[in-house]
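S.K.: build the 3D model from these lines:
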Amino acid sequence: MTGPAARAAAGACLLPRTAVHHSEGVDSRESDYARPAGDVKALMIFLSFPDAVPDLTPQEVVADHFPATSRFFAAASYGQFRLHVHPVTRWLRMPHPSTDYLINRDWDAADRTDYLRDALRVADPVVDFHGYDVVYLVADPDAPGVDSDATKVVNLAAPVTVDGNPLRRLVTVFERHPPDRNVLAHETGHVYDLPDLYYRPPAGSNADWDTHVGDWDLMGSQFGLAPEPFAWHKWKLGWLAPGQVGCVARTGVTYHDLTPDETPGGPKLVVVRTGPDQALAVEARTRTGNDATTCAEGVLVYRVRSDRESGDGPVDVMDGHPATSACPGTSVYPPLADAPLGVGESWAAPDGSTQVTVTGRAQDGTWTVRITQRLPRTAGARG
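M.R.: Okay, the predicted model is just below:
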């Protein structure tokens, strides 16, 4: 079944969806994932434990995440995705102390299953699950066994049906108060099939988590200065209309206009096909909307791979200024904070196959880019 993304550009630029988790392929969509479109109802349930008395009211916890999360998606989707939260108004007590569940980032599957089973059991008698597309299970952040690093979306091998509603994934929230910025928007992105874009170093390594995309797109870092979703993700989610995506699939020189990713209307994305499962994406980013705190403005170039799973580098931002960094006090990864290209600047692929040059910026904010596509040097060499 082809999804909304499949209708947005010529077939030559549609990366195939592969079997990897949260594939960045856009030629079809996974039917198990709901569409982030229209008015969507989210249920928020609050869980306490026998070994702690909550210091916060449910209303205070809701305010940690809403209306900020709804506003984020309303802006990112240009008003097409409207998320409405319906919170339970009291804490529901779990049957065991928080420490019994051994909550942590790399949660044992059996312990996590026990937690989910107990959570649904205590909620089912008092909560009507019918009609909700998203379910947030929010733990008392001050309970001794709660680890804020364990917040994640749990994908169930088989859906659990509660009140006639088949639940395929649940958002388990263990955030401290106040929470990380945009954390719930990040997790909600997973509910709609967006991958993690950060790199998780091996245990004991001092490597940086944010080398792939830096501040760009909240699926990389919820602390990022430019959390607006990549235009590629908006294409994948169906938020871009057919005329807003351009395709370069042959050699030659082409010119393209780009309006900022953060603002409604106009062309948003140019895709340069570079391989069976790879493409370059080109978009404009400016200091407005969800990106009001961005470190730099300009034209952003990034590589997308549909054969890389969530957390394994499906997206890499190309550094337009590799000799410099920026915003060391606020950026999650300063080397990429100044990645966008300004007027008159270019980025070229190492093999010489693609060059992206920013040729102008109009008074209305539209950026113009020239894309030169050649045969790679290795392909054109003769011995």
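S.K.: ok, then the element right after the helix or strand Y115 falls within?
M.R.: Y115 is part of helix 109-123 when elements are defined by DSSP states H and E. If you walk from helix 109-123 toward the C-terminus, the next helix or strand you reach (DSSP H and E) is strand 134-139.
S.K.: got the CA coordinates for the following helix or strand past that following strand in PDB?
M.R.: Toward the C-terminal end, the helix or strand that comes next after strand 134-139 (DSSP H and E) is strand 152-162. In PDB, the C-alpha atoms belonging to strand 152-162 read as follows (Å, rounded to 0.1, in the frame of the first residue of the first chain):
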ATOM      1  CA  LYS A 152      10.500   5.100  25.700                       C
ATOM      2  CA  VAL A 153       7.800   3.700  23.400                       C
ATOM      3  CA  VAL A 154       7.100   0.000  23.900                       C
ATOM      4  CA  ASN A 155       6.200  -1.800  20.700                       C
ATOM      5  CA  LEU A 156       4.100  -4.900  21.500                       C
ATOM      6  CA  ALA A 157       4.600  -8.100  19.400                       C
ATOM      7  CA  ALA A 158       0.800  -8.500  19.500                       C
ATOM      8  CA  PRO A 159      -1.700  -5.800  20.300                       C
ATOM      9  CA  VAL A 160      -3.400  -5.800  23.700                       C
ATOM     10  CA  THR A 161      -7.100  -5.000  23.400                       C
ATOM     11  CA  VAL A 162      -8.600  -2.900  26.200                       C
END
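S.K.: distance between the ends of stretch 167-182?
M.R.: The separation between the terminal residues of stretch 167-182, taken as Cα to Cα, to the nearest Å, is 24 Å.
S.K.: tell me the pLDDT at the residue most central in space within the chain?
M.R.: Within the chain, the residue whose C-alpha comes closest to the C-alpha centroid is M219; the distance, by Cα atoms, centre = their mean, is 3.3 Å. Predicted confidence (pLDDT) at M219: the value is 98.
S.K.: again with S31
M.R.: The per-residue pLDDT reported for S31 equals 83.
S.K.: likewise S205?
M.R.: S205 is assigned a predicted lDDT (pLDDT) of 81.
S.K.: burial count for it?
M.R.: Number of residues near S205 (other Cβ atoms under 10 Å) recorded here: 8. Where C-beta positions appear, they are placed from N, C-alpha and C, glycine not excepted.
S.K.: now do it against L156, distance only.
M.R.: Taking Cβ to Cβ, to the nearest Å as the measure, S205 falls 31 Å from L156.
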